[in-house]
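**Student:** fold the following.
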Amino acid sequence: MTEKDPASEAGLLGSIRKLATTLVGILQTRLEIFSTELEEAKLQLGQLLMLGLVAVFCLGLGIVLLTVFFVVLFWDSYRLPVLGVTSGVFLVLGIFAVLTLRAKSAENKKMFSSTLAELSKDREHLKK
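**Tutor:** Numbers count the residues shown, from 1 in each chain. Take a look at the predicted model:
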């Protein structure tokens, strides 16, 4: 039977502990980055949703009032053409807004890109 040197065993266990501590530290850092990005995404989504709702409400009310104004203004002579033109204009603007929204949503950057970049760097360092 061979005897194990306590110094070499402590050295091996010490190295394993240091490695485990380092890995836990790296994991903790990556989770903190992920958590921060998740919080930022949540805040940004909430702000966009609130601003969007306020904009839709105000613009909708303004459009209704403007349409009523033009219909009343031209009530005696051109009420149907005014209704047709204003309806057409608002439909075209609505279609343009939907197309713009689709384009904007398609070009958004990937969520958690910083976390993914850091994990990719970690993987590359571990391969070396």
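**Student:** ok, the residue positioned nearest the centre of the chain to residue 113 distance?
**Tutor:** Closest residue to the average C-alpha location of the chain: residue 41 at 4.7 Å, with Cα atoms, centre = their mean. Note on residue 41: its distance to residue 113, by Cβ to Cβ, to the nearest Å, is 11 Å. C-beta: built from backbone N, CA, C; applies to glycine.
**Student:** now the helix or strand containing residue 36: mean pLDDT?
**Tutor:** If you go by DSSP states H and E, residue 36 is part of helix 6-73. In this model, helix 6-73 has an average pLDDT of 84.
**Student:** run the angle between the helix or strand following it and helix 6-73 for me.
**Tutor:** Using DSSP H and E, the helix or strand that follows helix 6-73 towards the C-terminus is helix 79-106. Relative orientation of helix 79-106 and helix 6-73, computed by axes from the mean of the first three to the mean of the last three Cα atoms, to 10 degrees: 170 degrees.
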